[in-house]
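# heads up, no residue letters with this:
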């Protein structure tokens, strides 16, 4: 089955074309993506553990959800869509920053993304899609930083890069990283 197309972009996040998602990851081409971070009223961050069947970073802990907007789809609309699809809820989201990263995986794929980071607050029930998420939990930033220091390989690459920026934005300590 063909995977959906992603939006290819330049370093200024201007769309320059589209390409099938797996082909873009095989070629390591820069494309638009988003990462959603959710906090609760206690200030804890929602983590999800990626399903074991994911095509990369399977079984790793990461932020609430992340994906790619479809061609012609607004990034914020895509973030709300995927939050509902992966975790079964929606909430207000605001974009807080963006960054670009590139990393290769053992399976030959390369993530090269212009990643828009969105933040929301949610305290209700979570209904994960088990084909996307095999576990989830809220943890304090201190506990997450402690786990990342002890077990860095159990977290996704993009989470290692985005979390310190999110914590800075929230005015929380980043010292353990």
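Great, that's in hand. Everything numeric here is computed off the predicted structure, so don't read it as measured data.
# Report the rounded mean pLDDT for the helix or strand containing residue 163.
Per DSSP states H and E: residue 163 is located in helix 157-170. Average pLDDT, helix 157-170: 94.
# how about it: buried residues?
In terms of neighbour count (16 or more other CB atoms under 10 Å), helix 157-170 has its buried residues at 157-159, 162-167. Every residue, glycine included, has its C-beta placed from N, CA and C.
# thinking residue 92 is in contact with residue 119, fair?
No. Using CB atoms under 8 Å, residue 92 is not in contact with residue 119, being 9.5 Å away.
# the more surrounded of the two?
A direct count of neighbours by other CB atoms under 10 Å for residue 92 and residue 119 places residue 119 higher, at 21 against 10.
# Bridged to that one, which residues?
Beta bridges link residue 119 to residue 37, residue 94, judged by DSSP bridges.
# Per-residue pLDDT of it, please?
98.
# mind listing what residue 118 touches?
Residues near residue 118 by CB atoms under 8 Å, 6 or more residues apart in numbering: 34-37, 76, 79, 93-96.
# Tell me how far the closest residue to it other than its chain neighbours lies from residue 127.
Leaving aside its sequence neighbours, residue 118 sits nearest to residue 93 (CB to CB, 6 or more residues apart in numbering; 4.3 Å). Distance, residue 93 to residue 127, by CB to CB, to the nearest Å: 18 Å.
# These two - which one has more neighbours?
residue 93 (20 against 11).
# I'd guessed that one sits against residue 77; true?
No. Taking CB under 8 Å as the definition, residue 93 is not a contact partner of residue 77, at 10.2 Å.
# one step back: Provide the contact partners of the helix holding residue 163 at residue level.
Helix 157-170 has contacts (CB under 8 Å, 6+ apart) with 35, 37, 39, 45, 57, 60-63, 66, 96-97, 99, 101, 103, 111, 113, 115, 117, 119, 141, 144, 148, 152, 173-174, 177.
# Just the buried ones among those residues, please.
The buried subset of the contacts of helix 157-170 - by 16+ other CB under 10 Å - is 35, 37, 39, 45, 57, 60-63, 66, 101, 103, 111, 113, 115, 117, 119, 141, 144, 148.
# quick one: which of these sit in strands?
Residues of those located in strands (DSSP state E): 35, 37, 39, 45, 61-63, 66, 101, 103, 111, 113, 115, 117, 119.
# how about residue 11, what does it touch?
Shown in contact with residue 11 (CB under 8 Å, 6+ apart): 30, 100, 114.
# mind listing what the second one touches?
When contacts are counted by CB under 8 Å, 6+ apart, residue 100 touches 11, 30, 112-115.
# Distance to residue 88 and pLDDT for those - can I get that in TSV?
Compiled in TSV, the contacts of residue 100 are given as follows (distance: CB to CB, whole Å; pLDDT from 0 to 100):
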residue	distance to residue 88	pLDDT
11	35	96
30	31	97
112	30	95
113	25	95
114	27	97
115	23	97
